[in-house]
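Trainee: Here is a sequence with its predicted model. Questions after.
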Amino acid sequence: MNLTARSGFLLVGLDADGETRESTHASLEQATAIGRECSRHDRNGPAWRSWEVWGNHPETGEWQPLVCSIIARFRVGRIVATPNVLSRLTRDDILTAIGRHQAGDWGDVDAHDRQANEHALIAGTRLLSVYHAGNGTTFWIITEADRSSTCVLLPEDY
């Protein structure tokens, strides 16, 4: 997402195919209304899996997320994390990734795992996502086939 030379409010959405969509709007209300409209369900499900509205912080002028919506595609059950995750990742890294995982944004998985995850939503098998924390640490999120639990772990914890 390129935030340089932007004004107004930036609406960023993840569409049903996993592609990022962006548009700029004059008001927060307008951007939020369009995000909500794009996430409404029709016979094929929502057009967007998740969306955020970004704007300038009034004091620092830095871009920050102002409004966020995630459309859950499955239950995650009980969420657990390994000690390594708890010592190396921030709470925000973990919560953001869980939201992405539940929305069907599988992160940095390869094409085979991405296809396996889409099939798993229908067949009821295990789901795997791969993300990178703000400090560069790679971590995984695995939701069990019965959707009873989701584990956040580092690759070396597997």
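Mentor: Yep, that arrived. Note that this is a predicted model, so its numbers are computed, not measured. Numbers count the residues shown, from 1 in each chain.
Trainee: okay, CA-based contacts and neighbour counts for the rest of this
Mentor: Noted.
Trainee: Identify the spatial nearest neighbour of residue 130, chain neighbours not counted.
Mentor: Residue nearest to residue 130 in three dimensions, not counting chain neighbours: residue 140, with 4.6 Å by CA to CA, 6 or more residues apart in numbering.
Trainee: should've said residue 134
Mentor: Excluding the flanking residues, the one nearest residue 134 by CA to CA, 6+ apart is residue 93, at 6.9 Å.
Trainee: Could you list the domains of this structure?
Mentor: Residue ranges for the domains of the chain, per automatic domain parsing: 9-70, 78-157.
Trainee: mind giving me CSV with these and columns for mean pLDDT and mean neighbour count?
Mentor: Supplementary listing: these in CSV, determined by pLDDT from 0 to 100; neighbours: other CA atoms under 10 Å:
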stretch, mean pLDDT, mean neighbour count
domain 9-70, 77, 16
domain 78-157, 94, 17
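Trainee: In three-state terms, label the residue nearest to the spatial centre of the chain for me.
Mentor: For the chain, residue 100 is the residue whose C-alpha lies nearest the centre (CA atoms, centre = their mean; 2.1 Å). Put simply, residue 100 is helix when judged by DSSP: H, G, I helix; E, B strand; the rest coil.
Trainee: pretty sure it contacts residue 106?
Mentor: Yes. Between residue 100 and residue 106 there is a contact under CA atoms under 8 Å: 7.1 Å.
Trainee: looking at the protein, which residue ends up farthest from its center?
Mentor: No residue in the chain sits farther from the centre than residue 59, which is 27.4 Å out by CA atoms, centre = their mean.
Trainee: Would it be right to say that that residue lies in a helix?
Mentor: No. Going by three-state DSSP, the assignment for residue 59 is coil, not a helix.
Trainee: give me every residue that touches residue 62.
Mentor: Residue 62 is in contact with residue 56, counting by CA atoms under 8 Å, 6 or more residues apart in numbering.
Trainee: if I look at it, how far off is residue 133?
Mentor: Using CA to CA, to the nearest Å, we find residue 62 at a distance of 20 Å from residue 133.
Trainee: Tell me where this protein has helices.
Mentor: 28-38, 83-88, 91-103, 111-123 (DSSP state H).
Trainee: could you dump those helices to a markdown table with distance to residue 154?
Mentor: Formatted as a markdown table, the helices of the chain follow (distance: least, CA to CA, whole Å):
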| stretch | distance to residue 154 |
| --- | --- |
| helix 28-38 | 33 |
| helix 83-88 | 6 |
| helix 91-103 | 12 |
| helix 111-123 | 17 |
